[in-house]
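# Need the 3D shape of this:
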Amino acid sequence: MAQKTILRALAGETQDVPPIWMMRQAGRYLPEYRATRAEAGDFLKLCYNPELAAEVTLQPIRRYGFDAAILFADILLLPQALGADLWFVTGEGPRLSTITSDADFAKLGTKDDIHKTLNPVYETVKILSKELPKETTLIGFAGMPWTVATYMIAGRGTPDQGPAHALKAENRPLFDKVMDILTEGTIEYLSMQIEAGAEVVKLFDSWAGSLKGEDFDRYALEPAQKITAELKARHPNTPIIGFPREAGERYIGFGKATGVDCVALDNSVSPEWAASNVQVDGCVQGNLKSSHMVTGGQDLVNETRAIVKAFSGGPHIFNLGHGITPDADPENVQLMIDTVRNG
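Okay, the predicted model is just below:
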């Protein structure tokens, strides 16, 4: 059995104390991250500077001793590598050149063009694989095609992914071409992360919840299955975590249908429901509300204990139901970790 606690959970082992890491654990809530980002100059320069990206990945490991480090990068680096323009507006988030016509799509490159742009990310992984403590698992990641496509089509984040749904309805052939190139690119990107030293990869489908019925099958489940199958063919010993956020009832059977080794859960489902309906098939990850990292106190302790208890009958990786927010208190993170580890 694998020695690292995360890998043991992903292999299906039930542990007395679940391993723990946190989405966006390298981020703006930490003063040391803010200092390094200022040194880099801006967010994208930080993503593409291997030494500094490795440094911010290591910061929460030094501070908290999480069981895993997740590579510091961004899901929109892949569309940039495919030829989309990408920039970040302070206080508002990412902006991209839009893909709304066949002419826009024709300007993109192919899956074979991405590595020149993304090579600094692979260098970051190589640095981390050498510098992380031997007990800490290194997680690589990518955004899933649907979620990344919503940004590429709208040019920014949207509350309802409306532009992507509209293109899907109005020009299905173009929409499918966007999904296909993202699926192919994601496979190549994650495969290179694994070759560089990532021990686990996670598939983030942050907007999966807005896909319903057949659309969920075709654009959330099927791409996850394709990406997982190809990565497993190339790297059979690398576990994969799938995160179809806000999938609701569609969390049921997601692990079996896609082949992922673990299903990450948001906090819109209760741990009790998820234990009965999702964990029965294997490892689950989650699912404390991120707001507890802001408010802290006894509610944080109680909810953390309840989640650990609910998932204690099977393999579980403790995490938040979404990424930690910039207004979180670092002391509350420590309280959460102490509660998980000490009861």
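# those strands in the stretch 101-250 of the chain, which residues are they?
137-143, 200-205, 240-244 (DSSP state E, counting those that start in this stretch).
# Report the distance from the last one to the chain centre.
Taking the mean C-alpha point of strand 240-244 and that of its whole chain, the gap between them comes to 8 Å (Cα atoms, centre = their mean, to the nearest Å).
# swap in stretch 77-87?
Chain-centre distance of stretch 77-87: 18 Å, with Cα atoms, centre = their mean.
# Could you give me the buried positions within it?
77, 78, 79, 80, 81, 82, 83, 84, 86 (16 or more other Cβ atoms under 10 Å). To be clear about C-beta, it is placed using only N, CA and C from the backbone, and glycine gets the same treatment.
# Contacts for it, please.
With Cβ atoms under 8 Å, 6 or more residues apart in numbering as the contact definition, stretch 77-87 has outside contacts at 44, 47, 76, 94-97, 99, 107-110, 113-118, 121, 142-143, 148, 151-152, 181-182, 185-186, 189.
# Try it again at 7 Å.
For stretch 77-87, contacts defined as Cβ atoms under 7 Å, 6 or more residues apart in numbering pick out 47, 76, 94-97, 107-109, 113-114, 117-118, 121, 142-143, 148, 152, 181, 185-186, 189.
# Restricted to buried residues, select those residues in PyMOL.
Only the buried entries of these go into this PyMOL selection, using 16+ other Cβ under 10 Å:
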select buried, resi 47+76+94+95+96+108+114+117+118+121+142+143+148+152+181+185+186+189
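# got a pLDDT number for residue 1?
Note for residue 1: predicted pLDDT of 51.
# Kindly report the same for residue 174.
98.
# Under the pLDDT cut-off, which ranges of the chain? List them.
1-2 (pLDDT under 70).
# Pull out the buried positions in stretch 205-217.
205, 206, 207, 208, 209, 210, 211, 216.
# rewinding a little: most widely separated two among the buried residues of stretch 77-87?
The distance between the two most remote of these (Cβ to Cβ) is 12.4 Å, for 77 and 83.
# just to revisit the earlier point, give me the subset of the buried residues of stretch 205-217 lying in helices.
Using DSSP state H to define helices, the subset of the buried residues of stretch 205-217 located there is residue 216.
# In contact with residue 254: list those residues for me.
221, 242, 244, 247, 263.
# Is it possible to get CSV of those that adds neighbour count?
Shown next, in CSV, are these (neighbours: other Cβ atoms under 10 Å):
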residue, neighbour count
221, 22
242, 29
244, 30
247, 24
263, 26
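# nearest to residue 300, of these?
Nearest to residue 300 among the contacts of residue 254, with distances taken as Cβ to Cβ, is residue 263, at 23.9 Å.
# circling back to that earlier point, highest average neighbour count across the strands of the stretch 101-250 of the chain?
strand 240-244 (a mean of 27; mean count of other Cβ atoms under 10 Å).
# give me the beta-bridge partners of the residue nearest to residue 208 when sequence neighbours are not counted?
Once flanking residues are discounted, residue 208 sits nearest to residue 244: 3.7 Å by Cβ to Cβ, 6 or more residues apart in numbering. Beta-bridge pairing for residue 244 (DSSP bridges): residue 205.
# these two touch, right, residue 95 and residue 43?
No. Using Cβ atoms under 7 Å, residue 95 is not in contact with residue 43; the gap is 12.0 Å.
# Just flag the most distant two among the buried residues of stretch 205-217.
206 and 216 (14.2 Å).
# So which bits of whatever helix or strand residue 39 lives in are buried?
Take DSSP states H and E as the rule and residue 39 turns out to sit in helix 31-40. Of all the residues in helix 31-40, those buried under the rule 16+ other Cβ under 10 Å are 32, 33, 36, 37, 40.
# now stretch 216-234
So for stretch 216-234, counting by 16+ other Cβ under 10 Å, buried means 216, 219-228, 230-232.
# what sits up against that stretch?
Counting by Cβ under 7 Å, 6+ apart, 144-146, 179, 183, 186-187, 190-191, 201, 203, 205, 208, 211, 238, 240, 242, 244, 250, 254, 257-260 sit against stretch 216-234.
# how much distance is there from that stretch to the middle of the chain?
15 Å.
# cool, stretch 51-68 as well?
Distance, centroid of stretch 51-68 to centroid of chain: 16 Å (Cα atoms, centre = their mean).
# quick one: contacts of it?
5-6, 19-22, 25-26, 30, 32-33, 36, 39-40, 46-47, 69, 71-72, 124, 127-128, 131-133, 136-137, 139, 333-334, 337.
# Just the buried positions in it, please.
52-61, 64, 66-68.
# And stretch 152-164, by the same measure?
Buried residues in stretch 152-164 (16+ other Cβ under 10 Å): 152, 153, 154, 155, 157, 158, 161, 163, 164.
# Can you tell me which of those is closest to residue 324?
For these, the nearest to residue 324 is residue 157 (17.8 Å; Cβ to Cβ).
# Now for residue 124: which residues touch it?
50, 53, 54, 71.
# repeat that for 8 Å
50, 53, 54, 57, 71, 72, 73.
# Can you give me the distance of the nearest residue to the first one once chain neighbours are set aside to residue 32?
Pointing back at residue 50 there. Leaving aside its chain neighbours, residue 50 sits nearest to residue 123 (3.8 Å; criterion: Cβ to Cβ, 6+ apart). In this view, residue 123 and residue 32 are 21 Å apart by Cβ to Cβ, to the nearest Å.
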